[in-house]
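Novice: One predicted model, sequence on top.
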Amino acid sequence: MSAPVLELRDVGREHGRGEATVHALDGVSLAIMPGEFVAIMGPSGSGKSTLLNLAGGLDSPTSGEVIVEGKRLGGLTRASLAQVRRRAIGYVFQSLNLIPSLTAVENVMLPRELDGIASRRARLEALDALREVAMDELAERFPDDMSGGQQQRVAIARAVVGDRRLILAD
């Protein structure tokens, strides 16, 4: 049996101090196995984005631990954490976070190039990812020249490019 790709163990996240403390998450535990599709649902303000930010290593829990592919995120250096985020985790942000000065293919190539992949190979992988979301014909277009739905598909392609085993979408 394989190990979880993502595991949260008794995770809590608080914001603020004293009487102003907000308990965004309290004692959350879960394990997601490779190939599983999991939806986190709840009303606005219930901690869904906080949970995804913790799972993706974008924020740190105030208690408990987050483990991605067997690596405890809390014990990693900043450089090692960034490496895990680039190699293991694909993230589709609520605001998409596309870089306006880069074309669609360049936006999708970026995480691969930051990981040291040669530009030619990164471009081929990016084009394959864009093809998967039916955006390869707009590869040379800039985000501002695309509809919101097209931008979202480019963000999804960026999240799935490479050998990522954990995709988080906010």
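Specialist: Alright, I've got the coordinates. Numbers count the residues shown, from 1 in each chain.

Novice: and the gap between Lys48 and Gly12?
Specialist: Distance of Lys48 to Gly12, given as CB to CB, to the nearest Å: 15 Å. In short, each C-beta sits where N, CA and C put it, glycine included.

Novice: whoops, I mixed them up, Arg158
Specialist: Taking CB to CB, one finds Arg158 at 30 Å from Gly12.

Novice: okay, these two: which has more neighbours?
Specialist: Neighbours were counted for Arg158 and for Gly12 using other CB atoms under 10 Å; Arg158 has more, 28 against 15.

Novice: now the more buried one, nearest residue through space, not along the chain?
Specialist: Counting by CB to CB, 6 or more residues apart in numbering, Arg158 lies nearest to Val108, which is 4.7 Å off, once chain neighbours are set aside.

Novice: tell me which element the one you found is part of?
Specialist: helix 104-114 (DSSP states H and E).

Novice: ok, residues contacting that helix?
Specialist: 86, 98-99, 102, 119, 121-123, 125-127, 129-130, 135, 138-143, 146, 154-155, 157-158, 161-162 (CB atoms under 8 Å, 6 or more residues apart in numbering).

Novice: Just the buried ones among those, please.
Specialist: For the contacts of helix 104-114, a burial check counting by 16 or more other CB atoms under 10 Å picks out 86, 98, 122-123, 125-127, 129-130, 135, 138-139, 141-143, 146, 154-155, 157-158, 161-162.

Novice: Next step: those restricted to helices.
Specialist: Among those, the members falling in helices are Arg86, Ala122, Arg123, Glu125, Ala126, Leu127, Ala129, Leu130, Val154, Ala155, Ala157, Arg158 (criterion: DSSP state H).
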